[in-house]
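Asks: Could you look at this predicted model? Sequence included:
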Amino acid sequence: MRVLGVLGSQRPDGVTAQTLQAVLKGAATTAEVATINLNDYDLLPDKPNQPNPELDKLEKELLAADVWVLAAPTYLGSLSGVMKQFFDCFRNRIARFNQVGEAVPDRFKNKHYVTITNCYAGGVENYVTGVTDAAFKTMDKFLTMGGLIKLREVVVTKTFGMTQLSPAKQAECERVGQRAAHKKERDDNTMKRYLELFLMIAVMALVTMGIEAGIGQWVPLHNFWAYYGVFVIIFYVLLASILHFFTVVKHRRR
């Protein structure tokens, strides 16, 4: 097992780098670990019929790793320029593109990844306003385009003036690294997802019926179509809210 850390920060010893090293420390208990600092590379996009030794070196390191740990701070509500430059230059290598420009997972498919970011905002503010959402979304979009499978994300909040990770955050990061180093060779969560979907629908149907029973105390719903219409509206609102929460809002942002 090989776990590769990719640092996309301006400071090699800042909070972002410390968080990355804490995750790698945990992984090192059972796996081989290595670190890439993107500042050490002259990142330029590929050009037709021209060699690109910098991207070749990066590609070789990434192919040799089973798990990638990408770490970049959130600047001005978005991903750091260092990491974004890597994504922009490497996007034609993370996947192959078909005749209509659709990305098709290729050589990196079924590898796993952990993402790390941090911000000045406090934990509650970040949870409510989603300061780090854009950074995580950018990393997820790039990596899933290549067919990689997400294991976990780590965030450090309230980093203004911070020079050292707290013992609690250090321990959390080490646990993340230990689990990442024990990932499955392939993920088959089909049955788990079907079970989760069944339970979600069962709970939503129960809540919907409860709400509708309450409405029936005030508004008669004896007509089949009236009962059906109210049920569909309530169910839709609940489903849309849950999907929005888990796909857009919910991150491990504290």
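Replies: Everything's here; your move.
Asks: going forward, measure contacts between C-alpha atoms and count neighbours the same way
Replies: Will do.
Asks: Show me which residues of stretch 229-247 are buried.
Replies: With burial defined by 16 or more other Cα atoms under 10 Å, the residues of stretch 229-247 counted as buried are 230-231, 234-235, 238-239.
Asks: least trustworthy position among the residues you listed, going by pLDDT?
Replies: Lowest pLDDT of these: Leu239, 85.
Asks: Nearest residue to that residue in space, please, no chain neighbours.
Replies: Of all residues not flanking Leu239 in the chain, Met204 sits nearest, at 7.5 Å (Cα to Cα, 6 or more residues apart in numbering).
Asks: Now name the helix or strand holding Val131.
Replies: Using DSSP states H and E, Val131 is not contained in any helix or strand.
Asks: List the residues that contact the closest residue to it other than its chain neighbours.
Replies: Residue nearest to Val131 in three dimensions, not counting chain neighbours: Gly77, with 5.7 Å by Cα to Cα, 6+ apart. Counting by Cα atoms under 8 Å, 6 or more residues apart in numbering, Gly77 touches 131-132, 134-135.
Asks: what about 10 Å?
Replies: 119, 130-135 (Cα atoms under 10 Å, 6 or more residues apart in numbering).
Asks: now do Pro105
Replies: Listed by Cα under 10 Å, 6+ apart, the contact set of Pro105 reads 93-97, 143-148.
Asks: Do a quick rundown of the helices in the stretch 1-150 of the chain.
Replies: 15-27, 53-64, 81-94, 123-129, 133-145 (DSSP state H, counting those that start in this stretch).
Asks: Now distance to Arg2, mean pLDDT and mean neighbour count too, for those helices, in TSV please.
Replies: Below are those laid out as TSV (distance: least, Cα to Cα, whole Å; pLDDT from 0 to 100; neighbours: other Cα atoms under 10 Å):
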stretch	distance to Arg2	mean pLDDT	mean neighbour count
helix 15-27	9	96	25
helix 53-64	7	95	15
helix 81-94	19	94	18
helix 123-129	32	87	15
helix 133-145	18	94	19
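Asks: In JSON lines, list those helices along with distance to Val6.
Replies: Formatted as JSON lines, the helices of the stretch 1-150 of the chain follow (distance: least, Cα to Cα, whole Å):
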{"stretch": "helix 15-27", "distance to Val6": "8"}
{"stretch": "helix 53-64", "distance to Val6": "9"}
{"stretch": "helix 81-94", "distance to Val6": "9"}
{"stretch": "helix 123-129", "distance to Val6": "24"}
{"stretch": "helix 133-145", "distance to Val6": "12"}
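Asks: And these: which comes nearest Val176?
Replies: Across those, Val176 has its closest neighbour in helix 15-27 (6.1 Å, Cα to Cα).
Asks: Could you export that closest one as CSV, keeping only the C-alpha atoms?
Replies: Taking C-alpha atoms only, helix 15-27 is exported to CSV below (Å, rounded to 0.1, in the frame of the first residue of the first chain):
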residue,chain,number,x,y,z
VAL,A,15,-1.3,24.6,8.8
THR,A,16,-2.1,22.9,5.5
ALA,A,17,1.2,21.1,5.4
GLN,A,18,0.9,20.1,9.1
THR,A,19,-2.6,18.6,8.5
LEU,A,20,-1.2,16.7,5.5
GLN,A,21,1.7,15.4,7.5
ALA,A,22,-0.6,14.3,10.4
VAL,A,23,-2.7,12.2,8.0
LEU,A,24,0.4,10.7,6.5
LYS,A,25,1.8,10.0,9.9
GLY,A,26,-1.3,7.9,10.6
ALA,A,27,-1.0,6.1,7.3
